[in-house]
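**Q** any chance you can model this:
(chains A and B)
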Amino acid sequence: MPAINAPMRSNWLRYFLRRNYRTIIAFAMLVILFIAYLLVYPGRLSDQFFCAWANQGAGLAFAAVGQTLVVLTSGIDMSIGSVFALTNCIASVFLNGDLYHILIALILILGAGICCGLINGMLISYTRIQPIILTIATGAVYYGIALFIRPVSGGSVSEALSDALTYNIFHIPTSLMLLFGTLILFWVLLKRTKLYIGIYAIGSSEKSAFMSGVKVRQAKVAAYMFSGLFASLGGLFLSLQTLTGDALIGNTYTLNSVAATVIGGTALAGGTGAIFGSVIGSYLLRTLKGLMFFAGIAPMAQPLFEGIVLMCALSIGSIRLLGMKSKIEIFR
Amino acid sequence: MRIARNPALVSLSGTVFVMVVGGIIFPQVFSLNYLRQQLQIASFLGIAATGAMLVILIGGIDLSLPWVLTAAGIISCTLSGRGVLISIGAGLLVGLVAGLANGLGAAILRIPSIIWSLAVNFIFLGICVFITGGFMPQGHPTAIIKTIGIGRTLGVPNIILFWCVLSVYIILTLGQTRFGRFIYAVGQNEKVSFLSGIRTRRIIILIFVMSGICNAITGIMLSGYSNQAFQAMGDPYLIPAIAAVVIGGTSISGGSGTYLGTVIGVIFITYLSSLLSVLQVPEAGRQIFFGVIIIAMTLSYSRKKEER
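**A** This is a model prediction of the structure:
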């Protein structure tokens, strides 16, 4: 936060930069990585290339957006990976056949995500168990249900739907349109409600938010519910890519969604950040993976490299410490 | 209601309940042999949970457990030909380096440990994969490690004795020393602790180093127990370790909790998973049961105060 004695010139740009510097750094990194990716990509830069790139990040981006909404309330959702697994398993059983059946399956999948999120939100706001431990526990339950549906990997997902949603229309990848269409619609609608202020207010100070008349429980339940919904969208999209069901599929998504959220500029302490930063964070992580693959880095060295880059990305946020005059400021 | 709010008692009664239920179905649960075997398995989780608990006490979390554990196991096994000291020393060094990396990130760079330790975990995963090429690492643990990991003294597995010694050390440190007080103080409120003259950054780094070394010890001992180190050997330990700490009544936001609670939490989780596998509950049911139990047990005590 800017100090009180900072000159309050109505400098919009400066204020914007100061408020969003982490997101801007992440975006700059994404652009650099993407250019590097284009340079090392061995094949022709066709539509398929952009589709593949867009598809790789879409699932994680959905997960990260859900995670961000929860993190904004200074909570955390560790059950996202399990919701991915659950929706993937449901999709592999039901998401097939004609339009009617596919519609039913879509309702089932999104409904399952919303239910998982609602359960998380209700339990957290009414029992006051810490979010991290509660969502680990409910995550185990959802994963268990996914295993019940599909003890071993298998099943199939409608290829027609997959073709419709993972290619491109007018040279623009459908997945990107889907992602941004959903997010812009969601964000525009959310911004018009009290819920928007509520989610940010809880993250800054739950007590003050309550005193100011924010419906704390309602806002928390809503945040977790949306997290579940977006996780199910991510799981659905992932199913369209893998075309099969596997309960183990979600494992990496929980913590990757947290990483994408933080890299995108949302503070884990809550109260600041935005969902579009997390989309940038997700694509940054995925582009890095693709870049390493095509840059010819030995496959065995890739995880190490990925870890180092993740560390560097996280450290950038610590630049703010340099500007602090008093040691007290570093404790929030 | 006071009993219901005492975490150690709740998890103790939970453990007794699980044992009684298990005993009714399978009488051999009460046999000395079964008890010894379960405590032996619990010891590894116990050592890992010790590090997890210390970090949670200062309000952090150490997610680098799985691959620090694995890396320590792999490196100590790979170097077992070069002598006992080098083998064990290299394993512990892994823990020290990991702890330093975690601690510096949390204390100096002020990055939330939940994400920073995850990056550290990635790095150690990368190192393991890079060194071994993703294959089963060669080499077996040295004789001393095997003696501690799987050997017995007067019928008691050595690893249980090791855990007991560690427990006494931790209980004394937390309860009787200034350092112990400082740990709770930092966990309660770091700003106030700093203003009271505690070198909070030093404490945080030290705690993460202790956690790293606990993870490394678990890895080395586990390699002694199974006579080899293998990829991802630490993966099944992260969530149970955190769950044991929380079930044992340590507040996940830091600043309160007893080590005795963690010990009981570890034993509870070990017994519970043993009972579920004896009952041949499928993996799906086990996961669901596990989740429900954690919610039910934390419901009674590990809740935030109502902030209004």
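**Q** skip the chain neighbours and tell me the closest residue to residue A:159.
**A** residue A:243 (6.6 Å; C-beta to C-beta, 6 or more residues apart in numbering or on different chains). For the C-beta atoms, the positions are set from N, CA and C on the backbone; glycine is no exception.
**Q** any idea how far residue A:96 is from the one you found?
**A** Using C-beta to C-beta, to the nearest Å, we find residue A:243 at a distance of 10 Å from residue A:96.
**Q** identify the contacts common to these two.
**A** A:156-157 (C-beta atoms under 8 Å, 6 or more residues apart in numbering or on different chains).
**Q** surely residue B:269 is in contact with residue B:247?
**A** Yes. The pair residue B:269 / residue B:247 is scored as a contact, 7.0 Å apart, by C-beta atoms under 8 Å.
**Q** who touches the residue sitting nearest the centre point of chain A in this structure?
**A** Centroid check for chain A by C-alpha atoms, centre = their mean gives residue A:64 as the closest residue, at 0.8 Å. Going by C-beta under 8 Å, 6+ apart, residue A:64 touches A:256-257, A:260-261, A:264, A:278-279, A:281-282.
**Q** show the model's pLDDT score for it.
**A** In the prediction, the pLDDT value recorded for residue A:64 is 92.
**Q** can you tell me the element it falls in?
**A** According to DSSP states H and E, residue A:64 maps onto helix A:47-72.
**Q** list the buried residues for that helix?
**A** Buried residues in helix A:47-72, counted by 16 or more other C-beta atoms under 10 Å in any protein chain shown: A:50-51, A:53-72.
**Q** for chain B, what's the nearest residue on chain A?
**A** Distances between chain A and chain B by C-beta to the nearest C-beta are smallest at residue A:304, namely 2.6 Å.
**Q** count of neighbours near that residue?
**A** By other C-beta atoms under 10 Å in any protein chain shown, 21 other residues sit near residue A:304.
**Q** swap in residue B:194?
**A** Residue B:194 has 18 neighbouring residues, counting by other C-beta under 10 Å.
**Q** any figure for the gap between it and residue B:167?
**A** According to C-beta to C-beta, residue B:194 stands 30 Å off from residue B:167.
**Q** show me where the stretch 151-300 of chain B has its helices.
**A** Listed in chain order, the helices of the stretch 151-300 of chain B (DSSP state H, counting those that start in this stretch) span B:158-176, B:178-188, B:190-195, B:200-226, B:238-247, B:259-278, B:283-301.
**Q** what packs against the second one?
**A** Same thing as helix B:178-188. On a contact count with 3 or more C-beta pairs under 8 Å, 6 or more residues apart in numbering or on different chains; DSSP states H and E, helix B:178-188 meets helix B:32-57, helix B:158-176, helix B:190-195, helix B:200-226.
**Q** neighbours around the residue of chain B found nearest chain A, how many?
**A** When scored by C-beta to the nearest C-beta, chain B has residue B:126 as its residue closest to chain A, at 2.6 Å. Here the number of neighbours of residue B:126 (other C-beta under 10 Å) works out to 21.
**Q** one more: the one 4 residues further on?
**A** Taking other C-beta under 10 Å as the criterion, the count of residues near residue B:130 is 16.
**Q** identify the residues contacting the nearest residue to residue A:36 once chain neighbours are set aside.
**A** Closest residue in space to residue A:36, ignoring its immediate chain neighbours: residue A:291 at 5.7 Å, by C-beta to C-beta, 6+ apart. Residues near residue A:291 by C-beta under 8 Å, 6+ apart: A:33, A:36-37, A:40.
**Q** tell me which residues of whichever strand or helix holds residue A:291 come out buried.
**A** Assigned by DSSP H and E, residue A:291 belongs to helix A:275-294. Burial within helix A:275-294, assessed by neighbour count using 16+ other C-beta under 10 Å, is assigned to A:275-288, A:290-292.
**Q** next SSE after that helix?
**A** The helix or strand immediately downstream of helix A:275-294 is helix A:302-316, counting by DSSP H and E.
**Q** next, the angle helix A:275-294 makes with that following helix.
**A** Calculated by axes from the mean of the first three to the mean of the last three C-alpha atoms, to 10 degrees, helix A:302-316 forms an angle of 150 degrees with helix A:275-294.
**Q** so what touches helix A:302-316?
**A** A:22, A:25-26, A:29, A:259, A:262-263, A:284-285, A:288-289, A:292-293, A:297, B:105, B:109, B:111, B:115-116, B:119-127, B:129-130.
**Q** and the stretch 1-150 of chain B, which of its residues are near chain A?
**A** Applying C-beta under 8 Å from any C-beta of the partner chain, we find that the stretch 1-150 of chain B lies next to chain A at B:61, B:63, B:105, B:109-112, B:114-116, B:118-127, B:129-130, B:133-134.
**Q** show me the shaky parts of the stretch 1-150 of chain B.
**A** Scanning the stretch 1-150 of chain B for pLDDT under 70 picks out B:1-6, B:134.
**Q** return the helix or strand in chain A with minimum mean pLDDT.
**A** Every helix and strand in chain A was compared by mean pLDDT, DSSP states H and E; the lowest is helix A:159-166, with a mean of 70.
**Q** for the next helix or strand after it, what is the average pLDDT?
**A** Sequence order places strand A:168-169 as the next helix or strand after helix A:159-166, per DSSP H and E. Strand A:168-169 comes out with an average pLDDT of 72.
**Q** tell me what strand A:168-169 is packed against?
**A** helix A:47-72.
**Q** show me what contacts residue A:23?
**A** Residues near residue A:23 by C-beta under 8 Å, 6+ apart: A:264-265, A:273-274, A:276-277, A:280.
**Q** also residue B:23?
**A** By C-beta under 8 Å, 6+ apart, the contact list for residue B:23 reads B:29-30.
**Q** give me the phi and psi for it.
**A** Backbone torsions for residue B:23, taken as degrees, to the nearest 10, come to phi -70, psi -30.
**Q** kindly report the same for residue A:154.
**A** In terms of degrees, to the nearest 10, the main-chain angles of residue A:154 are phi 160, psi -160.
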